[in-house]
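Novice: 3D, please:
(chains A and B)
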Number of protein chains: 2
Amino acid sequence: MGDKENFVKEITNIEEDFAKWFTDIVIKAELADYTEVKGFIAYKPYGWAIWENIRDYEDKEFKKRGVQNIALPMFMPEHYLTTEKDHVEGFAPEVAWITEGGEKKLEERLYARPTSEPMFCRMYSRWLKSWRDLPMKYNQWCNVIRWEKETRPILRSREFFWQEGHTIHETEEEARKLTLEMLDVYADTIENLLAIPVVKGKKTNLEKFAGAVDTYTVETLMHDGRAIQAGTSHYLGQNFTKPFGVKFQTKDGKEEYAYHTSWGTSVRLIGAMIMAHGDNRGLKVPPKVAPIQAVIVPIQMQKDGVLDKCNEVYESLKDKFRMKLDDRDQYSPGYKFNDWEMRGIPVRIEMGPRDIENNKCVLVRRDTAEKIDVSLDELDVKLNELMEDIQKNMYNMCLENTKAKTTIAHNMEEFEKNLKENQGYIKAMWCGDDTCEDHIHDVTGAKSRCIPFKEEHIDDKCVVCGKPAKYMVMWGKQY
Amino acid sequence: MGDKENFVKEITNIEEDFAKWFTDIVIKAELADYTEVKGFIAYKPYGWAIWENIRDYEDKEFKKRGVQNIALPMFMPEHYLTTEKDHVEGFAPEVAWITEGGEKKLEERLYARPTSEPMFCRMYSRWLKSWRDLPMKYNQWCNVIRWEKETRPILRSREFFWQEGHTIHETEEEARKLTLEMLDVYADTIENLLAIPVVKGKKTNLEKFAGAVDTYTVETLMHDGRAIQAGTSHYLGQNFTKPFGVKFQTKDGKEEYAYHTSWGTSVRLIGAMIMAHGDNRGLKVPPKVAPIQAVIVPIQMQKDGVLDKCNEVYESLKDKFRMKLDDRDQYSPGYKFNDWEMRGIPVRIEMGPRDIENNKCVLVRRDTAEKIDVSLDELDVKLNELMEDIQKNMYNMCLENTKAKTTIAHNMEEFEKNLKENQGYIKAMWCGDDTCEDHIHDVTGAKSRCIPFKEEHIDDKCVVCGKPAKYMVMWGKQY
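Specialist: Numbers count the residues shown, from 1 in each chain, chains lettered A, B, ... in the order given. You can find the predicted model right below:
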C-alpha cells in the first residue's frame, strides 16, 4: 500500500487543480515533456503512438472519401499572409518569421505556416484548369507554428501537429456538402475512437475561422466542465480562391473561381482524451486508441514457471491485442499496478503461482477497477468482450458527465449562477448580435461554443438584450 | 500513333540530357511541382503516396527492432548548433534563422533543424538516469531545412522529408552493432522495396557526417552512372553525448556518457527510384512500392457492356492489388496507354469488346513492354506472378546497369578515361590520406563513395601517390 500512496501523491488531485492535474498526467504518464525552447514540447513514444493511432484512423476515413495526401512547403512568403484581409488579421500576431537562410538575409521574409490556405490556393491555381479537374481533395499531415503567448503542453504549443484538408469544388453546394461530410468524420473519430461524445454545430460570426464563410465544429466537454473545440470544418466560399486566383473553365466555357473548404484536427485530440476520461489514478485510454491495450503483470515473478507462463500468454495474445509484459525486476507488483493504471492501460492481467496452478488469471479493468477471474482458456474471448465493453462504458461515463454539466439559462443571472455552481455547457437563447455575444464573454468569461445542429426552443427572447431570439446557443468556458 | 509521338516529345531524351529528363519526369508524372518559395517543392498525391509506402515499410522494420517514434521541436536555440565543433562547421552555412515570433524579436535566434542530434541529445539528457533506461531507440519522421545554394526537385530541396533515428547505448559495442543493423534495414528497403542494388560500405574521413566517428552508407548507381547516397547510418560515439550531457549511472554506480548513433533516409529515395529505373517512356515504379500496381484501360468504352465488365474486373481485384480503372471519356485509349506508361504503372490491363467476348484481357508489362493474353479466370493469379516477376526483373536490370558501369582503375589515367567513357563506379586503391582523396576530386570531379564492406585487392599501391594502399575504394560522381 505504501507504493500506491506515494505514487498517487505525485499527481495533483483532479478536483483541486484540474489544470495542474493535466500537466502532471502529461509528464508522469510520459506522453510529452517540456523542452528548452519556450512553448515547444517533445512528444515521447507513448504520446506519439496515440497520435499515430488517431492519424491512421482518420487517414483511412479521408482516403475512403477520395481525399489524397500531399505535402506543401512549411514556409511562405510574407505577401501570402497579407493577401486575404481577415486571414492576416487573424494570424499575423502569431506567426514566426524566417529572415535569414544560408548566411544571407532574405529579400522577402518567410513565415512558418500557422495554417496553409494561401499555399494550398496558390498550388491549386497552378494545377486547376478545367471543371474536369474538380473536385480536388487534398490533405496534409504536418507541423504548424503559432506563436501563442500562453502555452500549455499538448493543448496549446507554439509548434503543433495536425492534418489540414483543403478541397476545391465546382459548386457551392458540393463544397458545403464536403464541409459537413468531414465534420462527420471528425465526430465519428472522436465518439468512436476516443469515446468522447460531441456536439455538432455551427460557429457564430465572432468565433469562426479567420477567412471563412461558415465554420462548423465538434465540441467536447471535459471532466471539469470546460469545453474543447475538437475539430473544425470551414466552408470558405471564394474568399481565398479569388485573391489567390484559383479559377477554372466551366462546362460552358466560362471562367469561374472554385469553391473551397478546409478542415483540421490536431494533437489537441490527445488533450481532449486526457481531460475527458482521466481520474485521480491517472490517465484512461480508450481501448481502440490505446498503444497498449492490456499489460501482463507477473506476481511472485521469481517463482519457477511464473515468467514462462506469462511469456506464453503474452505470445498467444500479441497478434490479437496490443500487449505488454512487464517483467521489470526492480519493481514490485504493487508499483507496477499503479504505474500502468496511471498510464491508463485499459486492462491489467495479473498472474501469480496460484493463478497458474488453477489455469486462470485476474483481469482488472481500468475504467471501473473491477476484478474478474478468468480461465486462461477463455482469456482471448473475454479480453475481446472487455475491450468493447470498456470502450462503450468510457463513452457512457463521459456522456453522463456532459449531461450532468449541461444546464439551461433563461436569463443572465441564471447563466452566471450555473457557470459558478456547475461549470459546463449552458444552453441559452441568442438574438444573433455580436454585441450580445461579447457581453456574455465580458461578464462571465464564457464564449459561444456553437449553434447546435440539434436546435431546441427554450425561450423566445435573447438572454442578454431581450430582443427576439434567433438561435439556441451552447455556451461555455474553454481550453 | 500521333498521340504517342506527341507525348514522348514532352519528355527530354534520357540519353541526351539526363538531368532535364529527371525534372520532366517529376513534373509530368505529377510526383511534385515547383512552388513560389525558391528551393521548396510541393509533393503531389502520386509522389507523396510513394513516400508513404516507403515510410510504412521502413517504419514497420524499425518497430520490429524496438525503435519507437517521437516528435521533437523543429526549431532549436542557436547555442545548440554551436555546441559540437564539427557539427557547427558542417551545418551553420545552410541553416535558416527564425528571428521574430508573435511580433517580438527573439532574445536568442532559433534555427530550423537541418538534423536533430542536438535536440535528441538534450532530451536524452533529461530522460536518461541509469543503465536500466538503456538502450533508448527513438526515431522521428519529419521535415528538415537545409538552405542549399543549388536545388533540384526531390533530390535537393531546401525543405525535405526524412526519418532520423537516434539511439543511445550503454556500450560502444552495442551502439556500433545498432549502426550496422539500421544500415541493413536501409539496404533491405532499397533492394527489396525499390528494386535497386546497393553497395554497403564505410565513408572516408572526408565524406563522413559532421560530428560522426564513423559513417556507413548504402550507395546506389543511377541510369547515367552517377551515384546516389541512399541512406547513411552514423556511429557518433560520445561526440554529442559529452557536450550535451547525456550521462547515466552504470551498473557499478559510476557516471558514464552514453554511446550514440543516428541514421537517416529521405525522399531522395524517390529520386533514386526515378533515376535508377526510368526510361524514355517515363517513370517505372517497382510493384511493391507502386501506389497503383495495375491500371485497367477499356477499349471502345462506349460499346455496350465494356465499362460494366471493366468495373466488374476492377471490383474483383481491388482488394488484392492497388488498382485504378481509367474511365475518362475525354481521352483515347492510345493517350491513356502513354499516360500510364509515363507514370510507371507496372501493369496495364487492356479490355475491349472482343476480349470480353473471349473472356480474356491483355496485360502489358511496363518493364519489358511485353503483351500477354490472359483468361479472365486466371487474371488474379497471373497478376500476382507478374508483380513478383516485374519486381525481380527491375532489380536485375538495375544490377546489370550497375555492373556494366563499374570499372577498375589501376592509375589516374585509367581513372579519368573510365569516367569519361563509361561513367559509373570506379574501383581503385587508396592509401588512406585525405590529400590523395582531394586530388582525385580536384582532377576528376569524382568523390569516394565508400570503402565497401566487400573489399577486393586490386593493387598494392594507392592510385594517386603510389604509396602502399590501405583500402579499395568505390569512387564516382554523385547527385
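Novice: ok, and A:Arg176, which helix or strand is that part of?
Specialist: In the assignment (DSSP states H and E), A:Arg176 maps to helix A:172-188.
Novice: Quick check: mean pLDDT of the helix or strand just after that helix?
Specialist: Reading on from helix A:172-188 to the C-terminus, the next helix or strand found by DSSP H and E is strand A:199-202. Mean pLDDT, strand A:199-202: 98.
Novice: what residues does strand A:199-202 touch?
Specialist: The contact list for strand A:199-202, computed with Cβ atoms under 8 Å, 6 or more residues apart in numbering or on different chains, reads A:183, A:187, A:214-220, A:425, A:449-454, A:474. Quick note: C-beta positions are derived from backbone N, CA and C, even for glycine.
Novice: if you look at the residues you listed, which of them are in helices?
Specialist: Using DSSP state H, the subset of the contacts of strand A:199-202 located in helices is A:183, A:187.
Novice: which among the contacts of strand A:199-202 end up buried?
Specialist: A:183, A:187, A:214-220, A:425, A:449-452, A:474 (16 or more other Cβ atoms under 10 Å in any protein chain shown).
Novice: Widest-spaced pair of the residues you listed?
Specialist: Greatest spatial distance among these (Cβ to Cβ): A:Asp214 and A:Tyr425, at 21.2 Å.
Novice: can you pull out the helices in chain A?
Specialist: Taking DSSP H as the criterion, chain A contains helices spanning A:2-9, A:18-28, A:45-64, A:78-81, A:85-91, A:117-127, A:172-188, A:268-277, A:306-317, A:333-342, A:353-357, A:379-404, A:412-421, A:434-444.
Novice: so how far is A:Asn359 from the residue of chain A positioned farthest from its centre?
Specialist: Residue farthest from the centre of chain A, counting by Cα atoms, centre = their mean, is A:Asp304 at 45.7 Å. Separation of A:Asp304 from A:Asn359 (Cβ to Cβ, to the nearest Å): 17 Å.
Novice: Now do stretch A:355-369: everything it contacts.
Specialist: So stretch A:355-369 is contacted by A:284, A:299, A:305-306, A:309, A:313, A:337, A:341, A:344-351, A:370-377, A:379, A:382-383, A:386, A:390, A:393-394, A:397 (Cβ under 8 Å, 6+ apart).
Novice: thinking again about what came up before, phi, psi for the residue farthest from the centre of chain A please.
Specialist: phi -50, psi 130 (degrees, to the nearest 10).
Novice: ok so, going back, would you mind pulling the contact partners of the helix holding A:Arg176?
Specialist: A:58, A:61-62, A:65, A:135, A:137, A:165, A:167-169, A:198, A:200, A:214, A:216-218, A:230-231, A:233-235, A:237, A:259-261, A:263, A:265.
Novice: How many neighbouring residues does the closest residue to chain B within the stretch 351-479 of chain A have?
Specialist: As assessed by Cβ to the nearest Cβ, chain B sits closest to A:Tyr479 within the stretch 351-479 of chain A, at 19.8 Å. If you count neighbours by other Cβ atoms under 10 Å in any protein chain shown, A:Tyr479 ends up with 19.
Novice: Which residues are in contact with it?
Specialist: A:Tyr479 makes contact with A:152, A:155-156, A:222, A:226-228, A:271, A:275, according to Cβ under 8 Å, 6+ apart.
Novice: And those residues, which is closest to B:Ile70?
Specialist: Nearest member of these to B:Ile70, counting by Cβ to Cβ, is A:Gly271, at 17.6 Å.
Novice: And the closest one, how close does it get to A:Gly264?
Specialist: 15 Å.
Novice: and what of A:Thr151?
Specialist: From A:Thr151 to A:Gly264 the distance is 19 Å (Cβ to Cβ).
Novice: neighbour-wise, which of these two wins?
Specialist: Between A:Thr151 and A:Gly264, A:Gly264 has the larger neighbour count (other Cβ under 10 Å), namely 21 against 18.
Novice: May I ask you to confirm that that one is in contact with A:His166?
Specialist: No: the criterion here is Cβ atoms under 8 Å, and A:Gly264 misses it with A:His166 at 9.5 Å.
Novice: Number of residues surrounding A:Val473?
Specialist: Each residue near A:Val473 was counted by other Cβ under 10 Å, and the total is 29.
Novice: which residues of the stretch 1-150 of chain A score low on pLDDT?
Specialist: Filtered on pLDDT under 70, the stretch 1-150 of chain A yields the residue ranges A:1-9.
Novice: give the contact list for the most centrally placed residue in chain A.
Specialist: Central residue of chain A (Cα atoms, centre = their mean): A:Leu269, 1.5 Å from the mean position. By Cβ under 8 Å, 6+ apart, A:Leu269 lies in contact with A:54, A:189-190, A:194, A:230-231.
Novice: ok and the residue in the stretch 251-400 of chain A nearest chain B?
Specialist: Of all residues in the stretch 251-400 of chain A, the one sitting closest to chain B is A:Gln330 (6.7 Å; Cβ to the nearest Cβ).
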